[in-house]
Every structure is written in C-alpha cells, then in structure tokens.
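Asker: whatever this is, show me its structure:
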Amino acid sequence: MKRSNLRIAGIFTVIAVLSLVIVINVFVVTIGGVHMRSGTNILASKEGSQERQEILPARRGYIRDRNGSIIAQDQDTYTIKAVLSKDRTGAYAYVDNKEFTAAALAPILGMSEEEIMNYLNLQDQGVYETLLGEKGKGLTIEQKEAIEAIEYTPDPNKKYPGLPGIEFDKTTTRFYSPGMPAHAWSRSPHRAYRESTAPKAAHRRADRYRGFSGCSAEGQRRLGYLSERRAWL
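Answerer: Next up is the predicted model:
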C-alpha cells in the first residue's frame with residue numbers, strides 16, 4: 001500500500017514539475033519573447049512576418065465650381081504596348097499573329113492596319129517590345145476593356161479573351177472639364193485678378209496725378225528758396 005502511494009505521489013510530483021516548467025516557459029516567452037530551452041528570440045524571428053511595405057501613389061483632390069460640379073480631377077489612362085520577342089517565356093507572352101492583332105486594334109485605336117503593322121513588323125528586327133505611337137497613349141478604361149475583350153480566333157484553344165503580347169501601362173493624368181484649359185489653373189485667382197486689373201489701376205494712378213505738375217513745380221521752387229535762405233543764414 002505504501003509503495004502504491006509513493007508511486008502515485010511520484011507521478012503527481014513529476015506532472016506538477018512538468019506543468020510548472022511549461023507554465024514558466026509560456027510566461028517567459030509571452031513576456032520576454034525568448035524560448036527557455038532553445039534560447040530562440042521569438043519576437044526577432046516574428047518581426048516583419050506580418051508586415052508589408054507598399055508605396056501608395058498620391059492622388060490630387062477634386063476641383064469643384066460653386067455649384068458643386070467637378071471641373072478637375074485625376075483620371076487613370078493607359079498606354080498600350082506590344083511584346084514582340086519570341087524569347088519571352090510563357091503562354092501567349094508575345095504577339096503571335098501580327099495581321100490579326102493589327103486588324104483587331106485598328107478600329108479601337110483609330111489607326112489604320114498599315115500603321116500598326118509598321119510597329120509590329122519590328123519583331124523581324126529583334127525588337128523586344130514597342131509602343132504604338134501617340135494614338136496608343138492616353139487610352140480610356142473603356143478602350144482598354146474593349147481590347148481585353150477581343151476573342152483571339154486564330155487559336156480557339158486560348159482560354160481567356162485578349163490579344164497575345166498586348167499589355168498596358170497605367171498612368172494618372174489631370175483631367176479638366178471641356179472649356180476649362182489646364183493653364184487656367186496654373187495661376188492663383190488673386191494673381192489673375194491683379195494682372196487683369198493692373199492696367200486699369202495704373203491708368204487711375206496716372207489720372208490722379210495729372211494736372212498737378214504746376215503745383216509740384218511751385219513746391220519744389222519754394223523748397224529751393226528755403227534751402228538757399230537757410231544756407232545764407
């Protein structure tokens with residue numbers, strides 16, 4: 001009986017010691033951030049694991065008129081480019097059918113097929129990628145989506161719509177309402193008012209002093225007389 005009691009007491013003692021070690025270890029890790037057995041700094045290894053750095057582009061605010069209508073705002077535009085190099089890896093990673101691509105893009109970009117082919121034929125000269133001229137810049141979201149929705153019929157096995165090798169670069173530009181040119185906002189309203197009223201103010205100042213040249217001459221004569229008198233005294 002005594003042996004079984006001693007055994008039970010020993011088991012409980014071992015369990016209590018292990019539980020105490022575990023509790024102390026958890027406490028030390030929670031407070032100090034260091035694992036007791038391995039000495040690993042948990043906080044140092046965890047630092048940065050749940051953080052992400054990202055640069056957010058700033059957007060300028062709206063400009064509204066006195067009625068609340070937006071007359072100036074930032075607008076996303078797109079520049080189309082064609083990847084021509086066949087060395088680029090990946091499925092549909094470059095322009096595969098130049099004639100079909102030119103015919104599909106021409107009505108959306110407002111260009112002729114010959115103009116687009118002039119750019120796409122740079123593929124034969126080893127050019128990696130090319131833009132499609134001025135008409136390929138400043139595209140609206142509607143034009144971009146229309147190009148992305150084109151079905152590539154030369155290859156019916158292509159799973160997703162869109163032209164192979166055709167990609168877009170997004171830029172943010174300042175859009176002004178029609179009749180409100182950008183240079184109109186390059187000067188402050190106060191400066192514009194001063195510049196518009198400056199000729200009138202100068203004319204008024206000229207009118208204010210016009211006709212007083214005789215009095216000025218008389219005043220200068222008297223001042224000269226007093227100066228000569230003081231010098232004589």
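
Asker: I'd like to know which elements the helix or strand containing residue 107 is packed against.
Answerer: Using DSSP states H and E, residue 107 sits within helix 98-109. Under the contact criterion of 3 or more CB pairs under 8 Å, 6 or more residues apart in numbering; DSSP states H and E, helix 98-109 touches strand 70-83, helix 113-120, helix 141-148. To be clear about C-beta, it is placed using only N, CA and C from the backbone, and glycine gets the same treatment.

Asker: let me have those in JSON lines, extended by distance to residue 16 and mean pLDDT.
Answerer: Output for the helices and strands packed on helix 98-109, formatted as JSON lines (distance: least, CB to CB, whole Å; pLDDT from 0 to 100):
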{"stretch": "strand 70-83", "distance to residue 16": "66", "mean pLDDT": "89"}
{"stretch": "helix 113-120", "distance to residue 16": "80", "mean pLDDT": "95"}
{"stretch": "helix 141-148", "distance to residue 16": "68", "mean pLDDT": "94"}
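
Asker: show me the shaky parts of this protein.
Answerer: Scanning the chain for pLDDT under 70 picks out 1-4, 28-50, 179-233.

Asker: can you give me the helices in it?
Answerer: Along the chain, the segments classed as helices by DSSP state H run 2-32, 42-46, 98-109, 113-120, 141-148, 189-209, 213-232.

Asker: list the contacts for the closest residue to residue 65 other than its chain neighbours?
Answerer: Once flanking residues are discounted, residue 65 sits nearest to residue 71: 5.4 Å by CB to CB, 6 or more residues apart in numbering. For residue 71, the contacting residues are 63-65, 176-177, 180, by CB atoms under 8 Å, 6 or more residues apart in numbering.

Asker: most neighbours among those residues, which one is it?
Answerer: Compared across the contacts of residue 71, residue 176 has the highest neighbour count, 16 neighbours, by other CB atoms under 10 Å.

Asker: isn't that one right up against residue 75?
Answerer: No. Distance between residue 176 and residue 75: 9.8 Å, which falls outside the contact criterion (CB atoms under 8 Å).

Asker: contacting residues for the residue nearest to residue 158 when sequence neighbours are not counted?
Answerer: Nearest non-adjacent residue to residue 158, counting by CB to CB, 6+ apart: residue 152, 4.8 Å away. Counting by CB under 8 Å, 6+ apart, residue 152 makes contact with 92, 97, 100, 158, 161-164.

Asker: same check, this time on residue 144
Answerer: 78, 80, 168.

Asker: picking that back up, Throw the contacts of residue 71 into CSV and include distance to residue 16, thanks.
Answerer: Listed next are the contacts of residue 71 as CSV, based on distance: CB to CB, whole Å:
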residue, distance to residue 16
63, 73
64, 73
65, 79
176, 78
177, 79
180, 81
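
Asker: I'd like to know which of those is nearest to residue 88.
Answerer: residue 176 (38.7 Å; CB to CB).

Asker: could you give the bridge partners of that closest one?
Answerer: residue 72 (DSSP bridges).

Asker: likewise for residue 79?
Answerer: Residues in a beta bridge with residue 79, per DSSP bridges, are residue 169.

Asker: what's the burial count for the nearest residue in space to residue 165 that is not next to it in sequence?
Answerer: With CB to CB, 6+ apart as the criterion, residue 165 has its nearest non-adjacent residue at 3.7 Å, and that residue is residue 95. Residues within reach of residue 95, counting by other CB under 10 Å, total 23.
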